[in-house]
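K.L.:
Fold the following for me, if possible:
(4 chains)
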2 protein chains.
Amino acid sequence: MERGKLWTVEAVAERLGVTPRTLHYYEEKGLIPEVPRTPGGHRVYDEDTIERIEHILRLKEALGYSLQEIRSILSTEDQLKTYRARIAEGREPEHNVQMLSESVRLLEDVVRHIDDKMMRLAAMREHYMDRLTRIRARLEREEEATKAVEFQDQKGE
Amino acid sequence: MERGKLWTVEAVAERLGVTPRTLHYYEEKGLIPEVPRTPGGHRVYDEDTIERIEHILRLKEALGYSLQEIRSILSTEDQLKTYRARIAEGREPEHNVQMLSESVRLLEDVVRHIDDKMMRLAAMREHYMDRLTRIRARLEREEEATKAVEFQDQKGE
DNA sequence: TCAGAAACTCACGTCAACGTGAGGTTTAGG
DNA sequence: CCTAAACCTCACGTTGACGTGAGTTTCTGA
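P.N.:
Numbering: from 1, shown residues only, chains lettered A, B, ... in the order given. Here you go, the predicted structure:
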């Protein structure tokens, strides 16, 4: 996993299964910071940015968040990073507790959202599994019946 | 649960947390069969139709299916019902196995889709939980530190 | 019976999340 | 050094899933 490798739009797009337009769009909408350019103006993506985009796509596809919501989630995550940095630097230590509490609240929110979604999914899975089991049983009986008929046919030849 | 109770659009809309327009739209797009009318042309919903709409909303909100995909899922479910009916009637018994196998395939597909989604969610949940635990621990330490400082302050008064 | 609430049918509006050229510039390989 | 492929920036187009009146008709309860 060559560290420091750089990517073109098309390469990133192919790797992530999206189009270059989507990458431009995310940048345009502020979901990712302005991507560095070559002297000629071509975008150059590094691994960190790509991971951020992967994160966005997961939030979008797995959780069904809108880009609006994703931007808000990401911005709070960025906030958390800033907090961590400031805390690490030891500046404004009187606000550490407040900042950390805020972080906890935000993360708990996301987890709650995920849990909610998982419960709905579990319920639906159960629903479909019930039907599946019933039909499988039924199928097995039918196959037995078919075999029996074939046996009869053979006897009749 | 009064069986046979009938509902107006507005009542259904309120019960399901959508607008009348949405109900009209689903009918327009063939997601639900044409709803029966009063002599004057007002729609009258029965419990079966409402359950179908609830099902649609679950597929949409929990699984993130598009209405297109939902229509295809529902149409295969309807197909399954036709199969069941025909099997129950004992007509064309030579196709039972084939129809049942098809049903199994369709249901397995939906379940696979659900499983896939749940796994992604589980992964994301873990990711966020990790961060949450770390921050909570950090917060606890900070709170201890704050209390210690307060204690110092009291001594200093 | 009759007024006001609720429904109906167009049909155009909207918003997010990109798609799609057009027209011009940069880059990489031979 | 040169050309084809890749990239750039507008800026308008598209699609899905409804929203939003306008104008008219139907329903319901006092």
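
K.L.:
do stretch A:58-65 and DNA strand D meet at all?
P.N.:
No: using C-beta under 7 Å from any atom of the strand as the criterion, no contacts between stretch A:58-65 and DNA strand D are found, and the smallest distance is 11.8 Å. Heads up, the C-betas are built off the backbone N, CA and C, glycines and all.

K.L.:
And that stretch, what's buried?
P.N.:
Neighbour-count burial for stretch A:58-65, counted by 16 or more other C-beta atoms under 10 Å in any protein chain shown, picks out A:58-60, A:62-65.

K.L.:
Close to chain B as well: tell me which of these qualify.
P.N.:
Restricting the buried residues of stretch A:58-65 to those adjacent to chain B (criterion: C-beta under 8 Å from any C-beta of the partner chain) gives A:58-59, A:62-64.

K.L.:
Between those, which sits nearest B:L121?
P.N.:
A:A62 (5.9 Å; C-beta to C-beta).

K.L.:
contacting residues around that closest one?
P.N.:
With contact set as C-beta atoms under 8 Å, 6 or more residues apart in numbering or on different chains, A:A62 has these partners: B:117, B:120-121, B:124.

K.L.:
May I see the ChimeraX selection of the buried members of those?
P.N.:
In ChimeraX, a selection of the buried entries from these looks like this (16+ other C-beta under 10 Å):
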select /B:117,121,124
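
K.L.:
Among the contacts of A:A62, which one lies nearest to B:A88?
P.N.:
Here the nearest of the contacts of A:A62 to B:A88, counting by C-beta to C-beta, is B:K117; it sits at 33.3 Å.

K.L.:
Tabulate the contacts of A:A62 (JSON lines), appending pLDDT.
P.N.:
Below are the contacts of A:A62 laid out as JSON lines (pLDDT from 0 to 100):
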{"residue": "B:K117", "pLDDT": "86"}
{"residue": "B:R120", "pLDDT": "88"}
{"residue": "B:L121", "pLDDT": "89"}
{"residue": "B:M124", "pLDDT": "89"}
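
K.L.:
Narrow the contacts of A:A62 to those in helices?
P.N.:
Residues from these lying in helices, with DSSP state H as the criterion: B:117, B:120-121, B:124.

K.L.:
any idea which residue sits dead centre in chain A?
P.N.:
For chain A, the residue whose C-alpha lies nearest the mean C-alpha position (C-alpha atoms, centre = their mean) is A:R58; its distance is 1.7 Å.

K.L.:
State whether it is indeed within a strand.
P.N.:
No: following the definition DSSP: H, G, I helix; E, B strand; the rest coil, A:R58 is helix and is not counted among the residues of a strand.

K.L.:
picking that back up, make a markdown table from the buried residues of stretch A:58-65 and add distance to B:H95 and pLDDT to it.
P.N.:
As requested, those are exported to a markdown table (distance: C-beta to C-beta, whole Å; pLDDT from 0 to 100):
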| residue | distance to B:H95 | pLDDT |
| --- | --- | --- |
| A:R58 | 43 | 90 |
| A:L59 | 45 | 89 |
| A:K60 | 42 | 92 |
| A:A62 | 39 | 81 |
| A:L63 | 42 | 80 |
| A:G64 | 39 | 84 |
| A:Y65 | 45 | 87 |
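
K.L.:
Need phi/psi at A:R37.
P.N.:
A:R37 has phi and psi values of phi -120, psi 160 when expressed as degrees, to the nearest 10.

K.L.:
Now stretch A:36-49: buried residues?
P.N.:
Taking 16+ other C-beta under 10 Å as the neighbour-count basis, stretch A:36-49 is seen to contain the buried residues A:43, A:45, A:49.

K.L.:
swap that for stretch A:86-99, please
P.N.:
Judged by neighbour count (16+ other C-beta under 10 Å), stretch A:86-99 contains these buried residues: A:87, A:96-97, A:99.

K.L.:
Send over it as CSV, restricted to the C-alpha atoms.
P.N.:
Coordinates of each C-alpha in stretch A:86-99 appear next as CSV, following Å, rounded to 0.1, in the frame of the first residue of the first chain:
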residue,chain,number,x,y,z
ARG,A,86,-6.4,21.4,20.7
ILE,A,87,-6.7,19.0,23.6
ALA,A,88,-3.4,17.4,22.6
GLU,A,89,-1.8,20.8,22.5
GLY,A,90,-3.1,21.5,26.0
ARG,A,91,-4.6,24.8,25.0
GLU,A,92,-7.9,25.9,26.5
PRO,A,93,-8.1,22.9,28.8
GLU,A,94,-11.1,24.4,30.6
HIS,A,95,-13.2,23.5,27.6
ASN,A,96,-12.1,19.9,27.2
VAL,A,97,-15.0,18.4,29.1
GLN,A,98,-17.5,20.5,27.2
MET,A,99,-16.0,19.6,23.8
